[in-house]
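Student: below are the sequence and a predicted model for it; my questions follow.
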Number of protein chains: 2
Amino acid sequence: MTDDGPRPVKTTKTSLALARAVRDSGGATLSDLADRLDLAKSTVHNHLHTLVDEGFLVRDGDTYHVGLQFLPFSEHARNRNPLYSTARQRVYSLAEETGNEADFIVEENGRAYTLEYAIGESTARGLSESSPFRAGNRFHMHNCASGKAMLALLSDERVREILDRWGLPATTAHTITDEATLFDELETIRRQGYATNDEELIDGYRSIGAAVTGPDDAVVGAFSVGGPAYRLAIDDSSTREIAQLLLDEIDALESELPV
Amino acid sequence: MTDDGPRPVKTTKTSLALARAVRDSGGATLSDLADRLDLAKSTVHNHLHTLVDEGFLVRDGDTYHVGLQFLPFSEHARNRNPLYSTARQRVYSLAEETGNEADFIVEENGRAYTLEYAIGESTARGLSESSPFRAGNRFHMHNCASGKAMLALLSDERVREILDRWGLPATTAHTITDEATLFDELETIRRQGYATNDEELIDGYRSIGAAVTGPDDAVVGAFSVGGPAYRLAIDDSSTREIAQLLLDEIDALESELPV
DNA sequence: CCAGTTGTTCACGCATTTCGAACGACATGC
DNA sequence: GCATGTCGTTCGAAATGCGTGAACAACTGG
């Protein structure tokens, strides 16, 4: 719960908090939620019923689940920018070409959202079930390759704004937690045109990312390709190869777009 | 705004109504929303700020858009049932094999939600931008093939419950608007094992659908394949061919699942 | 059969939301 | 360049409407 400018609508916030709790617990009961959020059962009862009525939650016996009503909204957001749809399709070819994991990520409100994700050479359509990178996941900007690639193209001012709001939490021993170090890194990224992530998010996971910019040079999103550290050696020629692949793909995308 | 059993949380409802209005208008300004929902500007102001703070809306200049915060929820719902993920992958093969449009649909709260959609032989990954069948869209059960296929497997009681809640609105001249006619149709569907939709949803669009049932014989969802009427002649051998393809696919899916 | 759950209902009192009017910022008009 | 029209924002005041807790019903398991 961050600071919220004017008068926040507390009621809405608790409703949303409930929805979040239901999601994060993967199905919860009324009393369960009541004492998790420290609310009266009757309060929770009313909120849950409203959310069910609206379709945002589903009741199955006595446990509540996330409803499909979120889908019309998320798909709307996901396709709002026509570039998103185009970019999402490229994720699959990137995954296949490299045989690794690929995703397309977008910045919103200082956080990175995965819009599309695929694994190469594995399951049919590359839909993995339990990957930390599934579509819809949210990351901090400073500890993933795509995030850093995007930060590198934003104004220092905006970067600072983001860091102030979300901080630099560490998820591994390699996460950059120092502002100055991050700015140095961003400089390097700008120079070489792509970003790398060397186990900064997840132990044993490396990735390479590059940002996509729109006709007005504003950053729209970023692609990244990643995999287990033993397969993606940093500073290797293979890294540069993948980076080049990314950059080519992005060039093609960008030149295709400018309507 | 349907009736809501106990005491609805009005505040949450207006917040959600705002989000919906933003989505349906594809970006709206504060005052725009204020007089569309007949609320004071200051009220709208507070709601919008809370929603932005939570990430469910995004502010771009003075217009608000749907935010990506819906994504973590919808993807959660979309993958909750492991069968969903598996089924979604089949949609692509169905689309390619038939060269038509294919989708996988699920019933929730009496409405049909498209979980996955693809077009055969067209664009790379079959992601269409402006189809009425895109993932995340919501239909009534009575005027689409998948919907009818699912209704046919529900108890008469539950069917009536759904009809009571959502009615039988007509979208074309062929839509079934009479309850008795619908029940006759459901009987036919049960007999032949699949459902057809002959321009009942959209003029010039036909489709064939069949339901998927879980280990406990409960209906989980339905596949459908559809296309322009001139290509899919009803009562033709080609219809039965597609229906057979669907049923085979579903058989394979069902036998693969029962863990 | 009683002591645990569970979710549900209800009346009350206070916190919250709602409203409306006034403000500043910006653009467009004459 | 002044006036008028937007736009979003702020604030005080009023009452609506939310939150609470206790009492209820329906089940479950000891």
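Tutor: Arrived safely.
Student: isn't there a strand covering A:V225?
Tutor: Yes: checked against DSSP: H, G, I helix; E, B strand; the rest coil, A:V225 lies within a strand.
Student: pull the distance from stretch A:230-241 to the chain's centre.
Tutor: The gap between where stretch A:230-241 is centred and where its chain is centred comes out at 24 Å by C-alpha atoms, centre = their mean, to the nearest Å.
Student: hang on, I meant stretch A:202-209
Tutor: The answer for stretch A:202-209 is 14 Å, by C-alpha atoms, centre = their mean.
Student: how far away is the closest residue to DNA strand C within the stretch 51-200 of chain A from A:D184?
Tutor: The minimum distance from the stretch 51-200 of chain A to DNA strand C, using C-beta to the nearest atom of the strand, falls at A:D62 (4.3 Å). All C-beta atoms are positioned from the backbone trio N, CA, C, and that covers glycine. Taking C-beta to C-beta, to the nearest Å as the measure, A:D62 falls 54 Å from A:D184.
Student: what about the residue nearest to the spatial centre of chain A, which helix or strand?
Tutor: Nearest to the mean C-alpha position of chain A, by C-alpha atoms, centre = their mean, lies A:Y113 at 2.4 Å. Counting by DSSP states H and E, the element that carries A:Y113 is strand A:111-119.
Student: same check on A:T43?
Tutor: helix A:41-54.
Student: any idea of the mean pLDDT in that helix?
Tutor: In this model, helix A:41-54 carries a mean pLDDT of 94.
Student: quick one: contacts of the helix or strand following it?
Tutor: Proceeding N to C from helix A:41-54, the next assigned helix or strand is strand A:57-60, under DSSP H and E. The contact list for strand A:57-60 (C-beta atoms under 8 Å, 6 or more residues apart in numbering or on different chains) reads A:19, A:22, A:27, A:48, A:51-52, A:64-68, B:108-109.
Student: walk me through the domains of chain A.
Tutor: A:10-68, A:73-256 (automatic domain parsing).
Student: the shortest one: how far from the chain's middle?
Tutor: So that's domain A:10-68. For domain A:10-68, the distance to the chain centre is 24 Å (C-alpha atoms, centre = their mean).
Student: what about that domain, start to end distance?
Tutor: Domain A:10-68 has its terminal residues 24 Å apart, counting by C-alpha to C-alpha, to the nearest Å.
Student: quick one: is that domain near DNA strand D?
Tutor: Yes: using C-beta under 7 Å from any atom of the strand, domain A:10-68 reaches DNA strand D at A:10-11, A:14, A:39-43, A:46-47.
Student: so which of these is surrounded by the most neighbours?
Tutor: A:H47 (25 neighbours; other C-beta atoms under 10 Å in any protein chain shown).
Student: thinking A:L33 is in contact with A:A21, fair?
Tutor: Yes: the criterion here is C-beta atoms under 8 Å, and A:L33 meets it with A:A21 at 5.6 Å.
Student: ok, these two, which is more surrounded?
Tutor: The neighbour comparison of A:L33 against A:A21 (other C-beta under 10 Å) goes to A:L33, with 22 against 16.
Student: so that one sits in a helix?
Tutor: Yes: counting by three-state DSSP, A:L33 is part of a helix.
Student: these two touch, right, A:A195 and A:L153?
Tutor: No: using C-beta under 8 Å, A:A195 makes no contact with A:L153, being 10.3 Å away.
Student: helix or strand: which one has the closest residue to A:E97 other than its chain neighbours?
Tutor: Counting by C-beta to C-beta, 6 or more residues apart in numbering or on different chains, A:E97 lies nearest to A:L245, which is 6.5 Å off, once chain neighbours are set aside. Per DSSP H and E: A:L245 is located in helix A:237-256.
Student: ok, and what's touching that helix?
Tutor: A:83, A:86-87, A:90, A:93-94, A:97-98, A:100, A:192-194, A:196, A:208-213, A:223-225, A:232-233.
Student: CA atoms only for it, dumped as CSV, please.
Tutor: In CSV, the C-alpha atoms belonging to helix A:237-256 read as follows (Å, rounded to 0.1, in the frame of the first residue of the first chain):
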residue,chain,number,x,y,z
SER,A,237,30.2,-15.2,-28.4
SER,A,238,26.9,-17.1,-27.9
THR,A,239,25.6,-14.2,-25.9
ARG,A,240,26.5,-11.7,-28.6
GLU,A,241,24.9,-14.0,-31.1
ILE,A,242,21.6,-14.0,-29.2
ALA,A,243,21.8,-10.3,-28.7
GLN,A,244,22.3,-9.8,-32.4
LEU,A,245,19.3,-12.0,-33.0
LEU,A,246,17.2,-9.9,-30.7
LEU,A,247,18.4,-6.7,-32.3
ASP,A,248,17.6,-7.9,-35.8
GLU,A,249,14.2,-9.0,-34.7
ILE,A,250,13.6,-5.6,-33.2
ASP,A,251,14.9,-3.8,-36.2
ALA,A,252,12.5,-5.7,-38.4
LEU,A,253,9.6,-5.0,-36.0
GLU,A,254,10.3,-1.3,-35.7
SER,A,255,10.7,-0.8,-39.5
GLU,A,256,7.5,-2.7,-40.1
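Student: can you give me the buried ones in that helix?
Tutor: Of all the residues in helix A:237-256, those buried under the rule 16 or more other C-beta atoms under 10 Å in any protein chain shown are A:239, A:242-243, A:245-246, A:249-250, A:253.
Student: which SS state does A:P215 fall under?
Tutor: Once three-state DSSP is applied, A:P215 turns out coil.
Student: not counting sequence-adjacent ones, nearest residue to the residue nearest to the centre of chain A?
Tutor: B:L68 (4.3 Å).
Student: contact partners for that neighbour?
Tutor: Taking C-beta under 8 Å, 6+ apart, one finds A:74, A:77-78, A:106, A:108, A:113, A:115, B:55, B:58 in contact with B:L68.
Student: one more time with 6 Å, if that's ok
Tutor: Going by C-beta atoms under 6 Å, 6 or more residues apart in numbering or on different chains, B:L68 touches A:77, A:108, A:113.
Student: and the contacts of strand A:57-60, which are buried?
Tutor: A:19, A:22, A:48, A:51-52, A:64-68, B:108-109.
Student: near chain B, which residues of the stretch 51-200 of chain A are found?
Tutor: Residues of the stretch 51-200 of chain A that fall close to chain B, judged by C-beta under 6 Å from any C-beta of the partner chain: A:53-55, A:58, A:66, A:68, A:70-77, A:85, A:89, A:92, A:108-109, A:113, A:124-125, A:127, A:129, A:135-136.
Student: where along chain A do the helices fall?
Tutor: A:10-25, A:30-36, A:41-54, A:70-80, A:82-98, A:145-151, A:156-166, A:179-192, A:237-256 (DSSP state H).
Student: what is the neighbour count of A:E179?
Tutor: Counted with other C-beta under 10 Å, A:E179 comes out at 14.
Student: just give the closest residue to it, not the sequence neighbours.
Tutor: Per C-beta to C-beta, 6+ apart, closest to A:E179 is A:L163, 6.3 Å.
Student: out of the buried residues of helix A:237-256, the closest to DNA strand C would be?
Tutor: For those, the nearest to DNA strand C is A:L253 (32.3 Å; C-beta to the nearest atom of the strand).
Student: give me every residue that touches A:G120.
Tutor: Applying C-beta under 6 Å, 6+ apart, the residues contacting A:G120 are A:95-96, A:98-100.
Student: reformat the residues you listed as a markdown table; add neighbour count and pLDDT.
Tutor: Below are these laid out as a markdown table (neighbours: other C-beta atoms under 10 Å in any protein chain shown; pLDDT from 0 to 100):
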| residue | neighbour count | pLDDT |
| --- | --- | --- |
| A:A95 | 22 | 91 |
| A:E96 | 15 | 88 |
| A:T98 | 21 | 88 |
| A:G99 | 14 | 87 |
| A:N100 | 23 | 89 |
